[in-house]
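**Q** I'll drop the sequence and a predicted model, then ask my questions.
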Amino acid sequence: MLQALHAEWQKAHRRHDLVLCFGFAVITYLWLGSTAPTGADERANAYSALFYAVPVINTILLPVMMAVLASRLWDVEEKGCTAKLLYTLQSRRSLFLGKAVFGFGEVVLMVILEAAVIVVLGRTQGYTEAFPAGQFSYLNTCTLAVSMMLYFSELLLALWFRNPLPAVCTGIVGALLGLFSAFMPPAAGYFVPWGYYVPLCSYEVKVWDQAAHTVLYGTRPFNWELLTFTVGLAVFLFDVCWRVMRSKEV
């Protein structure tokens, strides 16, 4: 297992996966930083606005990021026709677990970097609202769960079609559908897995006064049912990926 992870690390180093992960963090920081509150009244409500905006940004960026990472994870084996050789050196189970665990690590890294962006913005922009630790933990848990679900769905496409293009195209279309569902009635979001970041969000706009440029946010109960379903779907897709790889001809 450790040898498989080491091999995946070497491949990822040449694929520059870390550049993608840190690039996501930089884009998130610049995006959120450009909309950072400036007035004293806005800074008093800043974390609420931030926690409301992050799921929308995740809906736009992360489906594509998950598609790119998952497709690149198997693309090197297809391009180099090395799968058959690898199966003579290690078991299919070892190869799959190595890729799955390494992919999980990459997603965790992206979630940690995004969490760091939130903390840094709060420190540098002088947010005066009390830091909502419980909401922060829930947000990161939801981001990780949805991202892993999308990651394994894209990995399944990469394994199935032996081509990274279907996975990447699905990620792009999924991001558009997820963003569209965010502006539809709440029930519509449950039918678009790429946009689960939004219905899992625990913040909502309570008061919006366009004339006075005033926005007040409120919280709603954590959506444990959808979160549980998302985790279960991620586990199911993990199992399907393993079954496809185990029966895959080389």
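**A** That came through, no problem. Note that the structure is predicted; figures quoted are calculated from it, not measured.

**Q** quick one: the residue nearest the centre of the chain from L97, how far?
**A** What sits nearest the mean C-alpha location of the chain, by C-alpha atoms, centre = their mean, is S147, with 3.3 Å. Going from S147 to L97 by C-beta to C-beta, to the nearest Å gives 19 Å. Glycine gets a C-beta too; all of them are placed from N, C-alpha and C.

**Q** quick check, pLDDT for the residue nearest to the centre of the chain.
**A** Per-residue pLDDT puts S147 at 97.

**Q** element containing it, please.
**A** Element membership of S147, judged by DSSP states H and E, is helix 133-161.

**Q** list the buried ones in the longest helix along the chain?
**A** As assigned by DSSP state H, the longest helix anywhere in the chain is helix 46-80. Buried residues in helix 46-80, counting neighbours by 16 or more other C-beta atoms under 10 Å, are found at 46-52, 54-75, 77-78.

**Q** got it, and stretch 21-32?
**A** Residues 21, 24-25, 28-29, 32 are the ones in stretch 21-32 that count as buried (16+ other C-beta under 10 Å).

**Q** next one: it to chain centre, how far?
**A** In terms of C-alpha atoms, centre = their mean, to the nearest Å, the centre of stretch 21-32 is set 13 Å apart from its chain centre.

**Q** now do stretch 226-240
**A** Centroid separation for stretch 226-240 versus its chain: 14 Å, with C-alpha atoms, centre = their mean.

**Q** before we move on, the earlier item: okay, angle between the longest helix of the chain and helix 133-161 too, please.
**A** Interaxial angle of helix 46-80 relative to helix 133-161 (axes from the mean of the first three to the mean of the last three C-alpha atoms, to 10 degrees): 20 degrees.

**Q** residues in contact with the helix or strand harbouring R243?
**A** Assigned by DSSP H and E, R243 belongs to helix 224-247. With C-beta atoms under 8 Å, 6 or more residues apart in numbering as the test, helix 224-247 has contacts from 92-93, 95-96, 100, 141-142, 145-146, 148-149, 152-153, 155-156, 159-160, 190, 193, 196, 199-200.

**Q** of those, buried ones?
**A** Applying 16+ other C-beta under 10 Å to these, the neighbour count classes 92, 95-96, 100, 142, 145-146, 148-149, 152-153, 155-156, 159, 193, 196, 199-200 as buried.

**Q** give me the average confidence score over the strand or helix carrying A25.
**A** A25 is located in helix 17-34, with elements delineated by DSSP H and E. Helix 17-34 carries an average pLDDT of 89.

**Q** and the contacts of that helix?
**A** For helix 17-34, contacts defined as C-beta under 8 Å, 6+ apart pick out 12, 50, 53-54, 57, 61-62, 65, 68-69, 72, 106, 109-110, 113-114, 116-118, 120-121, 125.

**Q** what do you get for stretch 180-191?
**A** The contact list for stretch 180-191 (C-beta under 8 Å, 6+ apart) reads 56, 59, 192, 195-196, 198-199, 226.

**Q** and it, how far out from the chain's middle?
**A** Stretch 180-191 sits 18 Å away from the centroid of its parent chain (C-alpha atoms, centre = their mean).

**Q** need the distance between the two termini of that stretch.
**A** With C-alpha to C-alpha, to the nearest Å as the measure, stretch 180-191 spans 12 Å from end to end.

**Q** could you pull out the buried residues of that stretch?
**A** 181-182, 189.

**Q** now swap in stretch 131-143 and tell me
**A** 132, 135-136, 138-140, 142-143.

**Q** next, format these as CSV and append pLDDT and distance to C169.
**A** CSV is the format used below for the buried residues of stretch 131-143 (pLDDT from 0 to 100; distance: C-beta to C-beta, whole Å):
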residue, pLDDT, distance to C169
P132, 92, 37
Q135, 95, 34
F136, 96, 34
Y138, 97, 32
L139, 96, 29
N140, 96, 28
C142, 97, 25
T143, 97, 23
